[in-house]
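Participant: Here is the input, now give the coordinates:
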Amino acid sequence: MMMSSIAQRRLFWCNGGVRRLRGVLKYSTQIQHRQNDIIMPMSSIHQRDDVALSMDKHNRIHHLQSSSRRPFSSTQSSRSKFRFSELSSRQSAELEDELLNRLNNSSNNNNNSNSDQLLMDPIIGKSLTRNGLDWIRSVSIPSSFDKGEENVITVNLQPPTMLHPKLQEISSNITQVVQEEMVQLLSNKHILEPHDVDVSVKINPQDITTTSNNNNMNTRETTPQSSSFALKNITHFVAVYSCKGGVGKSTIATNLAYQLSAMGGRVGLLDLDVYGPSLPLLVQPDDPTVRTSPPHVQEGMVEPILHKGVKLMSLGFVSPNSGVPGSGPNGGAAVLRGPMAGRVVSQLLKGTNWGELDVLVLDLPPGTGDVQLEVCQSLSLSGAVAVSTPSALAWADVRKGVEMFGELGVSTLALVENFAYFVCEGGGRHYPFGKARTLAAGDDDQNNETTSDAPMQHHHFMPQSSHVFHLPISETVSGSNESGKPFCCDEPNGNSEEEWAVFSKLADAVSADLLLLQHNMMPASMQGQQGNSSTAMVVTIDEVEDSAFDVPFTQLDIDNSHKRFTVRLFCNEGGYQKIIGGSDLRSRNPKTGEVEDDSSSNSGEGDAKTVQHGCGGGSHSSDSGSSQPSITVHHHSSACADNSEQKDNLFPAKISKKGKYGYEVEWADGATIIYSLLAIAKAAGGKPLESTHE
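Facilitator: Purely as a prediction, here's the structure:
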């Protein structure tokens with residue numbers, strides 16, 4: 001019997017769209033070969049000698065109800081089995097819809113508390129279903145029309161990134177829930193109990209789309225002609241810094257990149273140590289040639305080197321004929337002044353066609369100079385990884401780096417103490433640089449594993465102990481560096497289990513924090529940190545009761561119609577917007593946001609005035625001998641100008657985002673000042689909500 005076209009259309013519209021159409025079309029091609037009302041054909045029943053089936057005179061099989069969820073065993077010989085591959089296409093499509101609905105509506109069923117827990121992301125803490133993260137997109141149940149696996153239910157999972165350290169755990173949990181729900185669903189429908197249900201959780205990396213985390217300081221455009229074109233498809237930027245040379249920073253950065261790639265992430269590695277590029281020594285690709293990008297890409301861009309899934313770029317890979325000092329694998333000394341170094345860094349960042357990346361790892365040079373400021377102000381860094389040794393000399397500089405990145409709004413997601421110890425042939429641990437200065441995950445404070453004068457154990461910018469890692473002195477890692485093949489590219493062996501464990505845990509910790517940041521949540525490395533007046537993360541507004549606004553999400557725009565600023569603050573309950581005058585911001589310290597003497601902003605003197613910008617300054621003015629970076633502000637008002645004329649000049653001419661730190665404001669009177677997000681939030685009436693230790 002053939003199904004009429006009217007019946008096909010009616011069934012399609014009644015049962016909800018394309019999903020039903022698949023079942024209808026498959027069913028209509030097969031129904032002519034089946035009995036009119038047979039639920040399961042004879043071939044679908046795998047009979048045993050001791051199984052009796054009840055059949056009528058038309059050889060039709062009656063429904064056999066299964067009351068148990070347990071897998072079929074020899075003791076359950078009174079029931080028969082069928083395979084999903086013997087379902088009709090219509091039955092398969094109906095079961096797919098019902099199973100997906102049961103998964104998405106499990107929270108509405110009080111009896112499924114265990115399923116709710118299993119379908120919860122262990123890091124984000126939200127449901128994987130439609131009511132939460134909406135990662136479970138579809139399920140596929142085989143039918144007689146399908147070829148391939150006979151008894152495997154496929155669940156299509158679509159996370160926002162493959163850099164999720166708990167994907168295997170999530171897959172196991174989904175498998176368990178689908179198995180239980182499927183057996184219960186078939187039992188409710190009085191359909192024969194299936195063979196053991198196999199579930200395959202599949203993720204298609206091609207379906208994962210990147211969301212740019214970059215706020216370029218010069219433009220918001222992403223056309224091929226704009227400077228942010230190369231960075232628009234990069235989700236996260238992670239800087240690896242040390243502030244002290246020779247501590248193994250480049251080794252950590254390189255192996256972190258390859259370990260993240262091994263997790264399934266799309267990863268790039270950029271060597272920004274323009275004074276001494278080391279990436280060409282640590283990684284020696286078969287073809288290290290840097291080539292120009294295809295014609296359809298922006299003119300003047302180059303393609304990164306692809307090595308074992310990681311995109312690489314370094315000044316050491318650039319041709320020595322480029323004219324840049326220090327370029328090429330055998331380039332000479334890179335004699336670069338600060339502005340020149342900044343331009344080289346900008347060219348490496350924005351002149352490379354990175355494509356779509358989950359994370360770009362930036363190997364920074366030692367110190368806290370121009371390169372670090374250029375990176376922090378040009379990019380919205382998702383976080384940073386600090387590298388040190390346990391020696392007091394290295395820690396003196398690490399403290400400066402941790403504080404600098406913290407003041408610039410960049411969280412240190414992890415800290416690696418390299419060369420922490422070595423294991424002798426007798427199995428004992430020895431500490432040539434002194435014992436660890438911070439406790440790592442699993443360390444016992446009672447075992448005196450840290451020095452008594454640990455300088456950063458309770459520093460409010462330091463990551464939690466779960467994000468501190470101790471890497472031993474390793475002949476295997478050193479040999480990998482010498483051979484030009486990263487350690488994490490090899491398979492683990494019994495001689496390097498500790499090193500493998502450290503790099504694996506480091507990649508898991510960093511990827512977990514990036515995942516939290518991608519969902520606008522505080523990373524685990526920052527939870528429980530103590531804030532202060534210049535680094536507060538939350539402010540309150542008197543006009544808005546019972547609301548705490550997140551400082552990192554503060555926005556600043558120019559109200560051109562009134563020549564004023566528009567400040568926007570955000571919290572979980574919504575947002576708050578306030579228009580402020582130029583004097584409301586100009587009269588404040590650009591770093592702390594505290595109100596200062598009006599004479600600094602309303603002075604009628606025509607002389608130039610040195611004003612520290614927000615990235616390093618703590619006051620509005622400084623002496624010429626200060627080592628802090630500064631800018632020159634020219635006041636164009638004359639001695640005879642009155643206060644009203646000076647006040648009219650206090651409006652913004654141009655603003656630009658400066659990474660995660662704040663905004664650069666070019667005033668109409670010629671002043672150029674960088675204000676922190678906290679200072680902007682305070683100008684809008686925000687009051688810091690200070691936190692304290694437990």
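Participant: From here on, just use CA atoms for contacts and neighbour counts.
Facilitator: OK.
Participant: and the biggest strand by length in the chain, what does it pack onto?
Facilitator: Ranked by residue count, the top strand of the chain under DSSP state E comes out as strand 544-559. Secondary structure elements in contact with strand 544-559, counted by 3 or more C-alpha pairs under 8 Å, 6 or more residues apart in numbering; DSSP states H and E, are strand 538-541, strand 564-571, strand 652-658, helix 677-683.
Participant: just these: most buried one?
Facilitator: Ranked by mean neighbour count, these are led by helix 677-683 with a mean of 28 (mean count of other C-alpha atoms under 10 Å).
Participant: Now do the helix or strand following it, average pLDDT.
Facilitator: Tracing the chain past helix 677-683, the next element assigned as helix or strand by DSSP states H and E is strand 687-688. Mean pLDDT, strand 687-688: 91.
Participant: what's the angle between the longest strand of the chain and strand 564-571?
Facilitator: 140 degrees (axes from the mean of the first three to the mean of the last three C-alpha atoms, to 10 degrees).
Participant: Run through the stretch 151-300 of the chain and note the low-pLDDT ranges.
Facilitator: 192-196, 211-228 (pLDDT under 70).
Participant: And the helices in it?
Facilitator: Assignment of helices within the stretch 151-300 of the chain using DSSP state H, counting those that start in this stretch yields the ranges 167-188, 249-262, 279-282.
Participant: want to try CSV for the helices and strands packed on strand 544-559, with mean pLDDT as columns?
Facilitator: Formatted as CSV, the helices and strands packed on strand 544-559 follow (pLDDT from 0 to 100):
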stretch, mean pLDDT
strand 538-541, 91
strand 564-571, 92
strand 652-658, 86
helix 677-683, 93
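Participant: Which one of these lies nearest to residue 374?
Facilitator: strand 652-658 (9.4 Å; C-alpha to C-alpha).
Participant: List the pairing partners of the following helix or strand past that closest one within its sheet, with orientation.
Facilitator: Once the chain leaves strand 652-658, the next helix or strand it forms, by DSSP H and E, is strand 662-667. If you go by DSSP bridges, strand 662-667 pairs up with strand 652-658 (antiparallel), strand 672-676 (antiparallel).
Participant: among the ones you listed, which is nearest residue 93?
Facilitator: Closest to residue 93 of the strands paired with strand 662-667, according to C-alpha to C-alpha: strand 652-658, at 50.7 Å.
Participant: could I get that closest one in PDB with only the CA atoms?
Facilitator: Output of strand 652-658 as PDB, limited to C-alpha atoms (Å, rounded to 0.1, in the frame of the first residue of the first chain):
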ATOM      1  CA  PRO A 652      36.900  64.100  24.600                       C
ATOM      2  CA  ALA A 653      38.000  64.300  21.000                       C
ATOM      3  CA  LYS A 654      38.800  60.600  20.600                       C
ATOM      4  CA  ILE A 655      38.900  57.400  22.600                       C
ATOM      5  CA  SER A 656      40.400  54.000  22.000                       C
ATOM      6  CA  LYS A 657      40.400  50.700  23.900                       C
ATOM      7  CA  LYS A 658      43.600  49.700  25.600                       C
END
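Participant: how close does residue 382 get to residue 506?
Facilitator: Separation of residue 382 from residue 506 (C-alpha to C-alpha, to the nearest Å): 16 Å.
Participant: now swap in residue 544 and tell me
Facilitator: 41 Å.
Participant: Those two: which has the busier surroundings?
Facilitator: residue 506 (26 against 11; other C-alpha atoms under 10 Å).
Participant: Wait, the more buried one touches residue 466, no?
Facilitator: No. Using C-alpha atoms under 8 Å, residue 506 makes no contact with residue 466, being 9.7 Å away.
Participant: Tell me how many other residues surround residue 136.
Facilitator: Residue 136 has 21 neighbouring residues, counting by other C-alpha under 10 Å.
Participant: burial measure for the residue nearest to it when sequence neighbours are not counted, as a count.
Facilitator: Of all residues not flanking residue 136 in the chain, residue 157 sits nearest, at 4.8 Å (C-alpha to C-alpha, 6 or more residues apart in numbering). Residues lying near residue 157 (other C-alpha under 10 Å) number 21.
Participant: picking up where we left off before, any chance of a markdown table for the helices of the stretch 151-300 of the chain, columns distance to residue 397 and mean neighbour count?
Facilitator: Formatted as a markdown table, the helices of the stretch 151-300 of the chain follow (distance: least, C-alpha to C-alpha, whole Å; neighbours: other C-alpha atoms under 10 Å):
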| stretch | distance to residue 397 | mean neighbour count |
| --- | --- | --- |
| helix 167-188 | 37 | 18 |
| helix 249-262 | 13 | 24 |
| helix 279-282 | 23 | 20 |
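Participant: where in the stretch 401-550 of the chain is pLDDT low?
Facilitator: Scanning the stretch 401-550 of the chain for pLDDT under 70 picks out the ranges 437-460, 528-536.
Participant: Residue 374: what secondary structure?
Facilitator: Look at residue 374: counting by DSSP: H, G, I helix; E, B strand; the rest coil, its state is helix.
Participant: which ones are touching it?
Facilitator: Listed by C-alpha atoms under 8 Å, 6 or more residues apart in numbering, the contact set of residue 374 reads 342, 345-346.
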